[in-house]
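Novice: Test case, fold it:
(one chain, ligands or ions: 1)
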Amino acid sequence: MTAHPGDWTQGEPVILRSRCATCSFAWYLDRQACPRCGGRDLVRDPCSGTGTVFASSTVHRRVASTGNRDHPIGIALVDLDEGIRVMGRCPPGTPPGQRVVAEFRLESGGSRSLVLGFQEVLP
Ligand SMILES: [Zn+2]
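Specialist: Okay, the predicted model is just below:
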């Protein structure tokens, strides 16, 4: 495994793709071995952040700080140009097929954490 300083889940504004040096299979989540061949010679590469929405949905939640008004949040599965699928926030109503680019936002709440989202880009 090639060392890399972490991804957005560790506070770095980057999406990492894991790739097997033996069979070239690529995936998103960090693992100790390749899910296809079991190989342990793995590489983690940074992704460009651009991709295409595979599917999306809008969830509604009530937020006490806004007087419990409805607060729609878009969630998308995005096929990145590097061949992996990731989940992140998007504008509500973002249609499948829409080209998007990743954005990282620091969410202040009980704990400060980085949130992965996507914004639409023009074709
Ligand atoms: Zn493999």
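Novice: Pull out the buried positions in the longest strand anywhere in the chain.
Specialist: Across the chain, the longest stretch assigned as strand under DSSP state E is strand 50-63. Buried residues in strand 50-63, counted by 16 or more other C-beta atoms under 10 Å: 51, 53, 56. Heads up, the C-betas are built off the backbone N, CA and C, glycines and all.
Novice: in what helix or strand does the residue lying closest to the last one once chain neighbours are set aside lie?
Specialist: Leaving out its chain neighbours, the residue that sits closest to residue 56 by C-beta to C-beta, 6 or more residues apart in numbering is residue 76, at 4.2 Å. Take DSSP states H and E as the rule and residue 76 turns out to sit in strand 69-80.
Novice: So which elements touch the helix-or-strand element of the chain with minimal mean pLDDT?
Specialist: In the chain, no helix or strand scores lower on mean pLDDT, DSSP states H and E than strand 113-120, which sits at a mean of 89. Judged by 3 or more C-beta pairs under 8 Å, 6 or more residues apart in numbering; DSSP states H and E, the packing partners of strand 113-120 are strand 85-90, strand 99-107.
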